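1. predicted coordinates and the sequence they were generated for:
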Amino acid sequence: MTEDHVDLTATFIPKQGEAERVKHAVQLAAEQVVHEPGCLRYEITEATAGRIVLTERWESRAALDAHSQAGPVKALNEALVGLLEQPVDLDFR
């Protein structure tokens, strides 16, 4: 039996005046993440001054778990320090 894919929506709420920096950091990460094993989708689907939404699809929970420990996510988290109003909201489906 194979695992079903995992969908995830990550919502970033930038601090006032930081939307472009947050969007740029997410875009840089996306350029690398799309090449990770098991990544089926990793793209910004909404970007405004008030929020940036990243839509992800992974072929399995194991692929998503590996991604969460990979270099691009660590670099993204470091780049976002001090730029967000609140922690990233993760909505799994």
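-> Perfect, thanks for sending it. Since the model is a prediction, treat every value here as computed from it, not as a measurement. Numbering: from 1, shown residues only.

2. mind checking pLDDT for the spatially closest residue to Ala49 that is not a sequence neighbour?
-> The shortest distance from Ala49 to any residue other than its chain neighbours is 4.5 Å, reached at Ala19 (CB to CB, 6 or more residues apart in numbering). Backbone N, C-alpha and C define where each C-beta goes, glycine included. Note on Ala19: pLDDT of 96.

3. again with Thr2
-> pLDDT for Thr2: 50.

4. and Arg93, by the same measure?
-> Here, the pLDDT recorded for Arg93 equals 82.

5. which elements pack onto the lengthiest helix in the chain?
-> In terms of residue count, the longest helix belonging to the chain (DSSP state H) is helix 19-33. In terms of contacts (3 or more CB pairs under 8 Å, 6 or more residues apart in numbering; DSSP states H and E), helix 19-33 is packed against strand 39-47, strand 52-58, helix 71-79.

6. from Arg51, how far off is the residue nearest to Ala49?
-> According to CB to CB, to the nearest Å, Ala19 stands 9 Å off from Arg51.

7. read off the pLDDT value for Ala49.
-> The per-residue pLDDT reported for Ala49 equals 89.

8. in the sheet, which residues pair with the nearest residue to Leu90 once chain neighbours are set aside? Tell me.
-> In this structure, Leu90 finds its nearest non-sequential neighbour in Ala10, 5.5 Å apart by CB to CB, 6+ apart. Beta-bridge partners of Ala10, counted by DSSP bridges, are Leu54, Leu90.

9. ok, Val39 - how many residues close by?
-> Quick fix: residue 39 is Cys, not Val. Using other CB atoms under 10 Å, the number of residues around Cys39 comes to 19.

10. now Glu78
-> 9.

11. surely the residue nearest to Leu90 touches Glu56?
-> Yes - if you go by CB atoms under 8 Å, Ala10 and Glu56 touch, sitting 6.8 Å apart.

12. look at the two and report which has more neighbours.
-> Glu56 (21 against 17).

13. check what pLDDT that one gets.
-> Predicted confidence (pLDDT) for Glu56: 97.
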